[in-house]
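**Q** compute the structure for the input listed below.
(chains A and B)
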Amino acid sequence: MLQMVVVSRLPLVHGTADLVLLALISWALQERARSAWAWAILAGVFVSFISALPFYMPVVIYVLVTAMARLLQRRVWQTPILALLVAVFVGTLIEHGLSLVTLNVLGAGIPWQEGFGLVTVPSLLLNLAMALPIYTVIVDLSRSVYPEAEE
Amino acid sequence: MNSSTPRIWQTAVIVVLVAGIIALALSGFLSPALRTVLNPLIRVQSWISTRYMAVYEFLTVPRDITSLRNENAELKDQVSQLQSQNLQLQQQIREAEVLYALLDFARTSPENEYTAAAVIGLDTNPFLRYVIIDKGSDDGLRHGMPVVTEQGLVGRVDAVTAGAARVQLITDPSSRINIRLQSTQTKAMLTGSLVGDVNIEMIPQETDLQIGEVVLTSGLGGNYPADILVGKVISVQSRPNELFQTASIQPAVDFSTLRAVLVITNFQPVDIGPLTPATVP
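**A** Predicted coordinates:
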């Protein structure tokens, strides 16, 4: 809801941040978070109801991004901030790349260069700028959900 | 007789004296004497009053500060409540103004049936230009119904749930609308774009296209009713070696401040898909 009402109305050039994507990546990077896959599917289904993308695309995008974040969490676990930034960067590219491909296949006729320059790059900047605050909130949330992780 | 005579004189003297004093007082001749007599009394009275008030304030001020603080806190609460109410009322006034404008527009086209809806969200994908409205199939909305405001065409209903609907704006990159130019009656195709601009394509070269030309829906294709205002031409791109001209349009609707819309519920879009010839491989 925050994404629909607030974040989508605050564009940089023509790009907007994706709070759902950031929250999913931040949650998937938590070592003890076991429900990341379920949240990815749930978020995809909810976004499918709202977005005009084909209903399967948000699910595919969020599951792929979660898989990538889980992979990074296992490989780059000692530097979670680096893993976060890499995951947000790659995740945004995955999301926008798949969206562009899907929309163009369906006949929207969006120029690739224009889409990348006017939407993807500003969205990348916004996502990277908002990644740390969202990550901090999610870390606190995961500690309250899994208190044994403190020990 | 002897005893009553002095009494009469006494009374007469007293009356004359009193009358004289009153006359002197009224004429102001007694003021210096009165001042001399009263000033010491007034000073004494002032001295007593000042000391009394000082003692009284000394004894009562702490209680007053407490009560003033309480009163101040209550007043601050009231002020914040009133400010909140004021904001709510201003919001309601703005909404009412929008609704009145929509109502006025609806009255100008009595042949159409309208359902008013509030815009409650935007599509989360930045490549798309869709809005979510708070009316759905329970309110009679169906796929394909045109959406307008008092300013002009907004788009059409793309998907419907029981209590909400998604509207594709005319600025969406995949939006295609058949339009006509008001003065020349030339038919053309209006397309959205990624950056929210609206362009007209496929205008024949021989058309004399002027800046400021009014653009209306043509009704062709069966997706929109005819003669809904879309916008005005703001620039023309014409190259002699191309078959068609193109033009940029300033939409009549300000999509950045879109808050309420009207859905035309008695318009049934026509699906002409089966009538279009299939491409033979």
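**Q** and A:Thr66, what does it touch?
**A** Shown in contact with A:Thr66 (Cβ atoms under 8 Å, 6 or more residues apart in numbering or on different chains): A:Leu24, A:Ile25, A:Ala28, A:Ala36, A:Trp37, A:Trp39, A:Ala40. (Each C-beta comes from the backbone N, C-alpha and C, glycine too.)
**Q** pLDDT score for the closest residue to the fourth one other than its chain neighbours?
**A** Read it as A:Ala36. Counting by Cβ to Cβ, 6 or more residues apart in numbering or on different chains, A:Ala36 lies nearest to A:Ala28, which is 4.1 Å off, once chain neighbours are set aside. For A:Ala28, the pLDDT comes out at 88.
**Q** one more: the one 3 residues further on?
**A** Residue-level confidence at A:Glu31 comes out at 77, pLDDT.
**Q** that one and chain B, how far apart?
**A** For A:Glu31, the distance to chain B (Cβ to the nearest Cβ, to the nearest Å) stands at 29 Å.
**Q** surely that residue is in contact with A:Gln73?
**A** Yes: counting by Cβ atoms under 8 Å, A:Gln73 is a contact partner of A:Glu31 at 6.8 Å.
**Q** who has more neighbours out of the two?
**A** When A:Glu31 and A:Gln73 are compared on other Cβ atoms under 10 Å in any protein chain shown, the one with more neighbours turns out to be A:Gln73, at 20 against 12.
**Q** got phi/psi on that one?
**A** phi -60, psi -30 (degrees, to the nearest 10).
**Q** so it versus chain B, what's the distance?
**A** Using Cβ to the nearest Cβ, we find A:Gln73 at a distance of 25 Å from chain B.
**Q** tell me how many other residues crowd the residue of the stretch 151-281 of chain B at minimum distance from chain A.
**A** Among all residues of the stretch 151-281 of chain B, B:Ser174 sits closest to chain A, at 4.0 Å; criterion: Cβ to the nearest Cβ. Using other Cβ under 10 Å, B:Ser174 has 18 neighbouring residues.
**Q** check the gap between it and B:Asn199 for me.
**A** Distance of B:Ser174 to B:Asn199, computed by Cβ to Cβ, to the nearest Å: 14 Å.
**Q** ok, back up a step: residues in contact with the residue nearest to the residue of the stretch 151-281 of chain B closest to chain A when sequence neighbours are not counted?
**A** Distances taken as Cβ to Cβ, 6+ apart put A:Ala108 closest to B:Ser174, at 4.0 Å, once the chain neighbours are dropped. When contacts are counted by Cβ under 8 Å, 6+ apart, A:Ala108 is found next to B:Phe127, B:Pro173, B:Ser174.
**Q** just to revisit the earlier point, pull the most distant pair out of the contacts of A:Thr66.
**A** The span of these, defined through Cβ to Cβ, is set by A:Ile25 and A:Trp37 at 13.2 Å.
**Q** more neighbours: which of these two?
**A** Neighbours per residue, other Cβ under 10 Å: of A:Ile25 and A:Trp37, the larger number sits with A:Ile25, 34 against 15.
**Q** got the contact list for that one?
**A** Contacts for A:Ile25 (Cβ under 8 Å, 6+ apart) come out as A:Val65, A:Thr66, A:Ala69, A:Leu84, A:Ala87, A:Val88, A:Gly91, A:Ala131.
**Q** report the central residue of chain B.
**A** B:Arg94 (2.5 Å; Cα atoms, centre = their mean).
**Q** for the strand or helix carrying B:Tyr100, which helices and strands make contact with it?
**A** B:Tyr100 is part of helix B:31-108, with elements assigned from DSSP states H and E. Helices and strands touching helix B:31-108, by 3 or more Cβ pairs under 8 Å, 6 or more residues apart in numbering or on different chains; DSSP states H and E, are strand B:114-122, strand B:260-264.
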